[in-house]
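Colleague: got a predicted model here, sequence first, then my questions.
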Protein chains: 4
Amino acid sequence: MLRVGLIGYGYWGPNLARNFDAHPGFDLVRICDMTKKRRNLAAETYRNVDVASDPDAITKATDIDVVIVATPVFTHYEMAKDALENGKHVWVEKPMTSTSEQARELTALADAKGLTLMVDHTFLFTGAVRKMKSLIDAGELGDLYYYDSVRINLGIFQHDVNVIWDLAPHDLSIMDYLLGPSARAVSATGSDHFETGLEDVAYLTVYYDDNLIAHFHLNWMSPVKLRKTLVGGSKKMLIWDDLNPEERLKIYDKGMDVQTLEGVYRVLATPRSGEMYSPVVDATEALKDEVDVFQKGIVSGNLPINDGAAGTRVVEMLEATDRSLRENGKVIELDPERPLNWTRTLESRQMSNLG
Amino acid sequence: MLRVGLIGYGYWGPNLARNFDAHPGFDLVRICDMTKKRRNLAAETYRNVDVASDPDAITKATDIDVVIVATPVFTHYEMAKDALENGKHVWVEKPMTSTSEQARELTALADAKGLTLMVDHTFLFTGAVRKMKSLIDAGELGDLYYYDSVRINLGIFQHDVNVIWDLAPHDLSIMDYLLGPSARAVSATGSDHFETGLEDVAYLTVYYDDNLIAHFHLNWMSPVKLRKTLVGGSKKMLIWDDLNPEERLKIYDKGMDVQTLEGVYRVLATPRSGEMYSPVVDATEALKDEVDVFQKGIVSGNLPINDGAAGTRVVEMLEATDRSLRENGKVIELDPERPLNWTRTLESRQMSNLG
Amino acid sequence: MLRVGLIGYGYWGPNLARNFDAHPGFDLVRICDMTKKRRNLAAETYRNVDVASDPDAITKATDIDVVIVATPVFTHYEMAKDALENGKHVWVEKPMTSTSEQARELTALADAKGLTLMVDHTFLFTGAVRKMKSLIDAGELGDLYYYDSVRINLGIFQHDVNVIWDLAPHDLSIMDYLLGPSARAVSATGSDHFETGLEDVAYLTVYYDDNLIAHFHLNWMSPVKLRKTLVGGSKKMLIWDDLNPEERLKIYDKGMDVQTLEGVYRVLATPRSGEMYSPVVDATEALKDEVDVFQKGIVSGNLPINDGAAGTRVVEMLEATDRSLRENGKVIELDPERPLNWTRTLESRQMSNLG
Amino acid sequence: MLRVGLIGYGYWGPNLARNFDAHPGFDLVRICDMTKKRRNLAAETYRNVDVASDPDAITKATDIDVVIVATPVFTHYEMAKDALENGKHVWVEKPMTSTSEQARELTALADAKGLTLMVDHTFLFTGAVRKMKSLIDAGELGDLYYYDSVRINLGIFQHDVNVIWDLAPHDLSIMDYLLGPSARAVSATGSDHFETGLEDVAYLTVYYDDNLIAHFHLNWMSPVKLRKTLVGGSKKMLIWDDLNPEERLKIYDKGMDVQTLEGVYRVLATPRSGEMYSPVVDATEALKDEVDVFQKGIVSGNLPINDGAAGTRVVEMLEATDRSLRENGKVIELDPERPLNWTRTLESRQMSNLG
């Protein structure tokens, strides 16, 4: 039985506490929060759990095997590092850290110590994302052409991060999982309207090899809430509408064909059968499954998903959006050693020649 | 009675012929088309109309006062120039020309000759666009923050232009009408998937002064057809869903407030009353009204809308997207003498310092 | 080539004229309408067609083989009878006649004369209805349990018929086609609100054997237009939403199971796979296909659908609704010799004991 | 502080316990349930609450002022009667009792004893219903013409009651609240498909004076869940879609006009402005407000809503549907002394002459 300490009992903390408490492989022993009010709430809800105000009571404790870091982003690095150095397995909320350098350091530290480090990208465990993953991996969509995501609502303006750091970690982690860990470059445009220097509306483009393009619309000022993703492939296309529980996923038997007609090369958008189907997606609470994967990862020493490397890739992309915004939407390569391989037939548009 | 010659009786030509034929101020006398089949169709439909295969039979004819140019884009310039030089008023389809230089030349020529030159941006005459225009001009939305447009479907792949030149003229002309003729800069990203060198998926950003941002999603490979525009302002926000005839426009009493709370400057997204209303929009055929405005413009010598300058601005933006695509999403200023005035509080993000 | 005369060039007449004119097996030779204005319109549209004001010029003409009756309902019987007596094949608009006695007489007359008599139940030729028919006939839905139809809108108040006679002929003919010609009984409730004696809101129930129940909501005073039908079966269920062109039909893999659990008999609503799919339905104009079936029916002497008997069944049901409304919603059997066979386990509810 | 005992800790019990526990005027002291498992759950959740297996421990207890009856319907009468006879105020779940005679007896008993008896018609306290009530009472809709309700889903088949007794109490109580306590007659049709004698699909019509008609579609076998109500009036119409949280209520400026045109009396459906608006409705948990109204009712001795009489009216209507089903859809008057006053201009349709 792994003994768990939770740091941070704010918005998301209670969900973490409830799911770790319910898992037979974990024993929730201590909860830390800065505020007395939240500590009291934790104590009332979990009678057999200690409460503490100092994170050291968890990161440095001898009776703790696993540390959950659910505090503000700028503290993730220090908390997680303390925990790892004290031999604890770590679960850290997203985004993993404030800089990719921190993320890489934590990942290396966990590796060196043989500890499990997991980043909470909860969406990867929803029925909808797992269904899309299995469809894509089985080749049902064919070659992927584009990934288009809209995550907008009338939202809370964060004080410390812009709308990209606030909302995009969800979508970037989902994209990274579905399309694979091979994003090559990122560009971003956006605007802030209240002299905060923090964009409240933003658009990201992420470039993969072979002309696969991903795009994200993020907005704190939309009159309606939208959570909608389109994925287009050569064989099929899909729409994931996370706010439509009865038809969360729709898969369309529509695609593209390349034909030669009377000697002329032609691309045809083809409805094929045109049929659409909406599979049922598993409605189990994602966090429940995720906690179980974490426990199995600790026991086996092998985390199949959501590891430090995945968390690092998301932070690297977020950093690149900052740089792109500063440089007026410039395309920023993620890894100079792996430049974007983007096929253009017209030489004048060679995007592989970045920089 | 103004005598009208129509060049091009393809997809849109019949709608033009029908509306000019029905207008009491116009007399449709001649229709020109390259193909015998279309000429025959025109002749059967309009018994009192001549047909011709040579555009000169219209542009140079002495019994014609008004020339309608409804041919492929790359021919617009030559046809319109011929017509103007022969003293005809001209109605030209969108986009106005293939280059902004051509557009400026035609505009100057019409001005010099005292002729009316109108670009067919039909959408400006729809009930929905006119309603939005009156709301914005009356200050109902307050200060404008963003304009977000999605125009996607499983579409025909054009052979000569990319998805931007195919679909964006609609949206850029609408934006130009609603937000005013003061767009300052443009950037574009996109991808082509069939080695045509023509983007089939693209995203544009258009920058106005004072941090007003516009964005366009254009896609020939979407499994579903969407025509949706969001406009956010300080007082109200609206959604125009052109595929929902019963609720085409929705106006939300939602906005943003800036407050100082306990000494801390805060931006609050506020639902205000939260009420939404959906006005009825005029369902008259847009083209009918547009033809009437054209006729009045010829008679009065004064065109209030859709003139050569408007058509030129759209082509200038289209050209800028080409350049931005070639330069990897770089922000392209539209007029070096009127640089983007973009307020950033963080110096490192000064976008006014373009280039 | 069958020579066609059309009586009635009002709302629907032009569609009939256009489709008969386009069919290679028909030659449209004469159009009759009471009003000069409509005759002129017909004459302008079809240059080779005569116009007439007297229906006798069609029903009694020697140069006419086929008569289309597209006049107000109360005249159908007389027009169709004249035509049949003069040896013409007849196409009559719905509802077929004002009384079932008239409908039976016309059907018998056509049979006796060896003439084809078709009732224009256009909806039977839409892609959606044909798709549902093929699904039901193939047993995809299993045993049918219910049929629920909503046809409501802010409509024109007819002066001579109530909302049932105005709107239900569509739905009753579709039901009769899909569920089979074995409706046993009808009841109706409704209300009129303007002292016209004509219901503007009404609800019909139609009873089939084996507890299959059909229900219809008809309303001239709905703020929104709805055209929605649900069909529930033991294996699958479907929704036909005629106003949603992209997802007109949805078929759900949901049904009912009867189980014995711990000795207790239980009915379980089961989502089965829960999957939904939306097939593409043929978008050909229904009237075009219908005209072709009519032509083939005349040539072969065999009409597979929409014949006089089908038209008669619809009128019989409409008549029964009148009687049920007069008798306060009483269940009216359609054929005393074929009483409703309705299985009830509780004796007190034996509905088979009607009357 | 009123001391509360709750009988029944099944599906709804925990919500009741939570809201009574949270109200400062109530002290939840005891929870009774037949099953050990539910008692344990109650004890764990509420540490200061006793648990009991015998309802007498609540209905006859000296330390209890208020009894909540949340047990199966057939036990409501006995539990509530015991409680009232022992001087307790009573909150009883819906439907109030199995027969209207029981309901009337309980109401009289509470009156005689000066005790408060409230029936839990929770929906009356939702923001949507309260908003509709205020619109109707303010005359915004004008004269009411119809009330149409659809409450269908793939549901649990109840073993002891049909779909009407299961689902209609919600809608009948809402109708009774919105249209007033003056329903005059009821008819019902329906069907059962599993030899249970319990209808799984049913349609009710409720008649008010002055041709106001209400109708309810109830179905356990629908592939989709719908909760939709239309209300039509002479001035405005509304739609309440309880599954659309962002646009729960829509009010349409559409109505009916009676005109005399060229001497002919005509009813015109008129879109008026045609505008629709969607007000924001209060999202407070309905049960919270309802518990507060109950507490104030006990203190003041005056219950403004949801009293025994309201609960009785709903049970009377449910009973009438049973009778109508047995008598083949016959219209059943609710009170022989107050016959339906239904205006018909055609004598043959005099529905006021019921029976």
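Modeller: Right, received. Where do you want to start? Numbering: from 1, shown residues only, chains lettered A, B, ... in the order given.
Colleague: C-alpha from now on. contacts and neighbour counts both.
Modeller: OK.
Colleague: mind checking the backbone torsions on A:Leu178?
Modeller: phi -80, psi -40 (degrees, to the nearest 10).
Colleague: contacts only, for it.
Modeller: Applying Cα atoms under 8 Å, 6 or more residues apart in numbering or on different chains, one finds that A:Leu178 lies in contact with A:129, A:132-133, A:136.
Colleague: would you list the residues you listed in TSV and tack on secondary structure and distance to A:Thr189?
Modeller: Written out in TSV, the entries for these read as follows (DSSP: H, G, I helix; E, B strand; the rest coil; distance: Cα to Cα, whole Å):
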residue	secondary structure	distance to A:Thr189
A:Val129	helix	27
A:Met132	helix	28
A:Lys133	helix	29
A:Ile136	helix	29
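Colleague: so which of the residues you listed comes closest to C:Tyr147?
Modeller: Of all the contacts of A:Leu178, the one sitting nearest C:Tyr147 is A:Met132; the distance, using Cα to Cα, is 34.7 Å.
Colleague: quick check, pLDDT for the closest residue to the closest one other than its chain neighbours.
Modeller: Residue nearest to A:Met132 in three dimensions, not counting chain neighbours: A:Leu178, with 7.4 Å by Cα to Cα, 6 or more residues apart in numbering or on different chains. According to the predicted model, the pLDDT of A:Leu178 comes to 98.
Colleague: would you mind measuring from A:Leu178 to chain D?
Modeller: 30 Å (Cα to the nearest Cα, to the nearest Å).
Colleague: repeat that for A:Ala269.
Modeller: Plainly put, A:Ala269 is 32 Å away from chain D if you go by Cα to the nearest Cα.
Colleague: low-confidence ranges in chain A?
Modeller: A:260-266, A:343-355 (pLDDT under 70).
Colleague: longest single strand anywhere in it?
Modeller: Among the elements of chain A assigned as strand by DSSP state E, the one spanning the most residues is strand A:221-233.
Colleague: quick one: contacts of that one?
Modeller: By Cα under 8 Å, 6+ apart, the list of residues contacting strand A:221-233 from outside reads A:141-155, A:200-201, A:237-243, A:255, B:221-223, B:230, B:232, B:237-238, B:252, B:254-256, B:269.
Colleague: among those, the buried ones, what's the ChimeraX command?
Modeller: To isolate the buried ones among these in ChimeraX, judged by 16 or more other Cα atoms under 10 Å in any protein chain shown, type:
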select /A:141,142,144,145,146,147,148,149,150,151,152,153,154,155,200,201,237,238,239,240,241,255 /B:221,222,223,230,232,237,238,252,254,255,256,269
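Colleague: okay, domains of chain A per the record?
Modeller: Residue ranges for the domains of chain A, per automatic domain parsing: A:2-120, A:124-232+A:315-333.
Colleague: get me the contact residues on the stretch 151-300 of chain A for chain B.
Modeller: Taking Cα under 8 Å from any Cα of the partner chain as the test, the list of the stretch 151-300 of chain A residues beside chain B reads A:154-157, A:159, A:187, A:189-197, A:201, A:205, A:211-213, A:220-223, A:230, A:232, A:237-238, A:252, A:254-256, A:258, A:266-271.
Colleague: let's go with 7 Å and repeat that
Modeller: Residues of the stretch 151-300 of chain A that fall close to chain B, judged by Cα under 7 Å from any Cα of the partner chain: A:154-157, A:191-193, A:195-197, A:211, A:213, A:221-223, A:232, A:237, A:252, A:254, A:267-269.
Colleague: CA atoms of the helix or strand harbouring A:Val67 as CSV?
Modeller: Counting by DSSP states H and E, the element that carries A:Val67 is strand A:66-69. In CSV, the C-alpha atoms belonging to strand A:66-69 read as follows (Å, rounded to 0.1, in the frame of the first residue of the first chain):
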residue,chain,number,x,y,z
VAL,A,66,3.9,9.3,-3.1
VAL,A,67,3.5,13.1,-3.4
ILE,A,68,0.8,14.8,-5.3
VAL,A,69,1.6,18.4,-6.3
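Colleague: and the next helix or strand past it?
Modeller: Next along the chain after strand A:66-69, with elements defined by DSSP H and E, is helix A:73-85.
Colleague: following that following helix in sequence, what is the next regular element?
Modeller: Past helix A:73-85, heading to the C-terminal end, the next element that is a helix or strand (DSSP H and E) is strand A:89-93.
Colleague: can you point out the buried residues in the helix or strand just after that next one?
Modeller: Sequence-wise, the next helix or strand beyond strand A:89-93 is helix A:100-113, with elements assigned using DSSP H and E. Of the residues in helix A:100-113, A:100, A:102-104, A:106-107, A:109-110 count as buried by neighbour count, 16+ other Cα under 10 Å.
Colleague: identify the residues contacting the residue nearest to the spatial centre of chain A.
Modeller: The centre of chain A sits closest to A:Ser173, judged by Cα atoms, centre = their mean, with a distance of 2.5 Å. Contact criterion Cα atoms under 7 Å, 6 or more residues apart in numbering or on different chains gives A:121, A:314 as the residues in contact with A:Ser173.
Colleague: A:Gly329 now?
Modeller: A:Gly329 sits next to A:187-189, B:329-331 when contact means Cα under 7 Å, 6+ apart.
Colleague: on the three-state scheme, it is what?
Modeller: coil (DSSP: H, G, I helix; E, B strand; the rest coil).
Colleague: please report phi then psi for it.
Modeller: The phi and psi values for A:Gly329, taken as degrees, to the nearest 10, are phi 80, psi 10.
Colleague: show residues contacting stretch A:36-53.
Modeller: If you take Cα under 7 Å, 6+ apart as the criterion, stretch A:36-53 is touched by A:9, A:28-34.
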